[in-house]
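S.K.: give me coordinates for this.
(3 chains)
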Amino acid sequence: MSTLAAFAADLLAGKIKVIDLTQTLSPEFPTIALPPMFGQCAPFRLEEISRYDERGPAWYWNNFSCGEHTGTHFDAPIHWVSGKDLPNNTTDTIDAQNFIAPACVIDCSVQSAENPDFILTVDVIKAWEAKHGQIPAGNWVFLRTDWSKRSGADYANVKEDGAHTPGPDPDAVKFLVEERDVIGFGVETIGTDAGQAHGFTPPYPAHFFMHGKGRFGLQCMANLDKLPPTGALIVSPPLKIKGGSGSPLRVLALVGA
Amino acid sequence: MSPPLPPRRKADPLALPRQALMPQGGRSRAALGLAAMAAQGRFALQICAACGAAQYPPRDVCHECLGTELPWRDVPTGAALLGETTVHLSGDTYFRVRTPWRTGLVALDCGPSAVAHVHPDVAPAGRARMSLRLDRSGQGVLLALPERDSPNMMDDPMIREMTCDPRGRRILVTDGRSAFGQEAARSLLAAGAAQVFLGIADGWKPFKGQDNLPGDAVQLDLTDATSVSELAAEFGGRIDIVVNTALHIRPGGPLDRRDLVSAREEMEVAYFGPLRLAQALGPTLRARAADGPYGACAWVNIHGIDALAPAPGFALTAAAQAAGLSLSQSLRTSLAPIRVLTAFVGPLEDEWHQAIPPPKVTPTALAAAIVRGLREGLEEITVGDIAMDVMRRWRDNPSTLARERAG
Amino acid sequence: MSRRAAYDGVVAAVPITIPYERYSIQTAHWWIGRALAETISRAGIRKRDIDGLCVSSFTLGPDTAVGLTQHLGMSPRWLDHIPMGGATGVVALRRAARAVQAGDADIVACVAGDTNGPDSFRALVAGFSRFAADATYPYGAAGPNGSFAILTDAYMRRYGATREDFGRICVAQRQNALSFPHALMKRKLTMEEYLAARMVSSPVALFDCVMPCAGAEAFLVMRDDTAASLGLASARVLSTIERHNAFPEDPIQLRGGWAQDMPELYAMAGITPAGIDLLQTYDDYPVIVMMQFEDLGFCAKGEGPDFVRSHDLTLAGDFPHNTSGGQLSVGQAGAAGGYLGMTEALRQITGAPLGPQVANARTALVSGFGMINYDRGLCSGAAILQAA
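M.R.: Okay, the predicted model is just below:
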């Protein structure tokens, strides 16, 4: 039996479970809130085309609209200025081989519950590695904060001085890219960066360094608490938007039963 | 003296509500001028430019000198009641369920005699104060009022057919995120509204005043079809007045921007949003327009005065405002007998008009104007000195206005 | 002095009333055709002998008198269509009389007819005129009931008339109607019933209002020698008047156009009101009857109430008035209502009444009033007829 046939057999036998890491795309799901003078990411919108009525007697369908970075979404390297000139940096040109990869899940849910401004540092990563082994090259690193269990205002957690959500500091991102050669960084919050990362140097380091080195981002994920620290296989192909900077997508994790 | 309005009672769930019929609305072109004047709360008639004779009913030719130039001019409101009747039996479907109904012939101080609706507090054969009102068909009609306001004057069933007093009514204010929406809600409650539903979009995003909201906050985002239909499903049957305060005003002309993102948002808020809301709430609102003394009665839309002619700094917003204004105008027909009140505003006292010198429209001024417009049953109000200046110029010559606004 | 020519040698004859019906499924064409057929039959002439036709109707639309000629297969050399409501009978007579006198036509058939369905009166009122649609109907939509109620109220205030005074007119006319075979209202009316009636548009109550119905009326106008050769009883036309939009400066209508033209009416006829044996007024509401008593010179302005208190208006009374029962009791058949007084007067003075004969009736005054275009009736007319 080939590896793939064995995999398929395990999948059919229920020895491999599929976990949905996706938030439901709905109009009320928060989007990134930039200062009003900047262009804004469109929230998800659904407009009915017909619903078994005079507009279409036997069928129901909708038009939807949203930004590339609405809901659970994928960030391509071209999203950030640091990745703008890289080859194959858009949703339609990224090698499809990248869309299936294993993940390491760093659980910081306790720290994040205590401190919404929790910062993922190299020390935290190294402490995790001490327990679970070094992060292998080509892996996703997911920051588990349990943020996806929040909703509405609690989820966005925007105050007068901006959002307060967990994220990595510049050194941690550089470490993951340069020392561990990760494929990308994934989070449960609206940005791969911390809510207050506009004040970091450089600002938004997860975007700056990840995309600068051609790596990817996954944001607004759910169910990270259902993943093992290592060994989950992530399926995350974005829509093949021509020249796209990212896209909403369904993120699936395959884990052993 | 009119008896005070009875308190709002719960509807009998088994009774079929009174159908929202309208008085006959067909008019000659000249007589449409009455509605145009009534819409603004003016008491004006055609005055012959050649001989000065006042005309009534509206005409195409002067009854004195056969002059054909008959501009509308404000005239004195005094009149004497010459004869009257109280109608008990009418073959008309609208009036027959609203009798007794008092009408009479008045001699207007400006000359002509006129058939008018007569308020019960006008003394028989007495003096009266005339006003032009919009009836439920949206046409201009003459109403004789007592010379001085009488107690409970506005509570009379006849005048309530012609006005949209917020008192006792349940009102949806669409945009509670803005100071303008919040102040409108506050003023409507102060004016006796039974309930104010205050729409909040993007509840997850903090906003000024969120800890001290007047009325009952409800989720509503006019740019979201789902949100609009959910609101309509939940509260549609309870809304008597819609006050759409959603405004999205951003600086910039066609070449000042590189894309349509902002222009689309402006259209979403000024045009698609109200259209969505009208599609969702309109049929219910219209059907409840004759449901007792507190029936559904009005829809208020706010438009930047730029809707009439763009100011260079806000030219793209002006286009969206013009689209919204056009929608308001067509809603007058579609929503009838619900009154559509358009409130024109000049630059607002908000963060988007920092570069515009005063005078600017404050939330309090706008809210007060809306309450007054509803009480008087108007169809058009112009709020603030800038808006009034632009409106006067527009009435004088729309083509000139477009050029002088261009700077 | 009037320079008007007399109507020498012209007579009216063959008064026809087609019995009214409250509601009819027939058209105005049908009703008018029936009246014409009856006229031809009674006159003993052929259809083609009628070379002049004068038509009035509210419900003939979209046709006019022109379309009617083809519908009825007639080829008149003189044609008129008179849209004057309650004044049509008098005005038709004056127009036809001059046509015959001038030789433009030999025999003119004057005919008015209307049909009436359950909603046709309301529809007629709703679109009656531009001013009515613009500035009357939207105010309570009471139609002529409302308009006349306002005039009645003003008249009562000004001249001290009471509801009982108007009741005298209605009760007397009902008394007359009891012996008029075509009257739709045949039940005796007492003053108590009149006063206790349901208020329609105060102060106008149920018995102050006419009942709209379907019907037709007609008569012929010809030279006296033509009438003689046909063996027809006829009446001479002594004088006529017509006025439209009289006294526009009056803020409210307390007098009609008769007040302006009355001197000429009697001067042309060479008689005074005392020489009138019977009076047929236009009576869609009693207040306008009272104004006609005044404006036609039977009493001074404002003395109408005293006049009705001191006269017996029935057939047998000292002032025979609306001897058929008038529209208030016979019914208002649209434009034919403007003919009812004319045909009844012709019958009485030619000795051919449908009910009792008014004693010594030789000279009759017929008066018409029509078209509440806005706040008042615009058309007024009157004619004095005398047995030939």
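S.K.: which parts of the stretch 101-250 of chain A sit against chain B?
M.R.: Residues of the stretch 101-250 of chain A lying close to chain B (C-beta under 8 Å from any C-beta of the partner chain) are A:152, A:153, A:155, A:156, A:158, A:159, A:160. For glycine as for every other residue, the C-beta is placed from the backbone atoms N, C-alpha and C.
S.K.: pLDDT score assigned to the fourth one?
M.R.: Model confidence at residue A:156, given as pLDDT, is 94.
S.K.: and for the one 4 residues further on?
M.R.: Reading off the confidence values, residue A:160 has pLDDT 88.
S.K.: quick one, what contacts it?
M.R.: By C-beta atoms under 8 Å, 6 or more residues apart in numbering or on different chains, the contact set of residue A:160 is residue B:206.
S.K.: likewise for the one 10 residues further on?
M.R.: Counting by C-beta under 8 Å, 6+ apart, residue A:170 touches A:200, A:201, A:202, A:205, A:208, A:209.
S.K.: please redo it, this time with the cut-off set to 7 Å
M.R.: A:200, A:201, A:202, A:205 (C-beta atoms under 7 Å, 6 or more residues apart in numbering or on different chains).
S.K.: give me the residue at the spatial middle of the chain.
M.R.: You didn't pick a chain, so chain A it is. residue A:218 (1.6 Å; C-alpha atoms, centre = their mean).
S.K.: if you could check chain B rather than the one you did, that'd help
M.R.: Mean-position check on chain B, C-alpha atoms, centre = their mean. Result residue B:341 at 2.3 Å.
S.K.: how about the secondary structure of that residue?
M.R.: Three-state call for residue B:341 (DSSP: H, G, I helix; E, B strand; the rest coil): strand.
S.K.: likewise for residue B:296?
M.R.: Using three-state DSSP, the structure places residue B:296 in coil.
S.K.: which residues touch the residue of the stretch 201-350 of chain B found nearest chain C?
M.R.: Per C-beta to the nearest C-beta, residue B:337 is where the stretch 201-350 of chain B lies closest to chain C, at 13.2 Å. Contacts for residue B:337 were tallied using C-beta under 7 Å, 6+ apart; they are B:20, B:22, B:136, B:137, B:289.
S.K.: now do 6 Å
M.R.: For residue B:337, the contact set (C-beta atoms under 6 Å, 6 or more residues apart in numbering or on different chains) comprises B:20, B:22, B:136, B:289.
S.K.: assumed the last one was part of a helix.
M.R.: This means residue B:289. No. Counting by three-state DSSP, residue B:289 falls outside a helix, being coil.
S.K.: who touches the closest residue to it other than its chain neighbours in this structure?
M.R.: Leaving aside its sequence neighbours, residue B:289 sits nearest to residue B:20 (C-beta to C-beta, 6 or more residues apart in numbering or on different chains; 3.8 Å). For residue B:20, the contact set (C-beta under 6 Å, 6+ apart) comprises B:286, B:289, B:290, B:337.
S.K.: quick revisit: now render the residues of the stretch 101-250 of chain A next to chain B as CSV, adding secondary structure.
M.R.: CSV is the format used below for those (three-state DSSP):
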residue, secondary structure
A:152, helix
A:153, helix
A:155, helix
A:156, helix
A:158, strand
A:159, strand
A:160, coil
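S.K.: now the buried members of those residues.
M.R.: A:155, A:156, A:158 (16 or more other C-beta atoms under 10 Å in any protein chain shown).
S.K.: just put the contacts of residue B:20 in TSV and tack on pLDDT.
M.R.: Converted to TSV, these look like this (pLDDT from 0 to 100):
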residue	pLDDT
B:286	95
B:289	94
B:290	92
B:337	96
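S.K.: hang on, the earlier thing: and the residue nearest to the centre of chain B, how close does it get to residue B:329?
M.R.: 12 Å (C-beta to C-beta, to the nearest Å).
S.K.: so where do the helices sit in the chain?
M.R.: I went with chain A, as the question did not name one. With helices called from DSSP state H, chain A shows them at A:3-12, A:109-114, A:122-132, A:152-156, A:170-174, A:205-212.
S.K.: I was thinking of chain B, sorry if that wasn't clear
M.R.: Using DSSP H, helices in chain B cover B:32-39, B:157-162, B:179-190, B:225-235, B:261-267, B:273-287, B:315-335, B:363-376, B:385-396, B:398-405.
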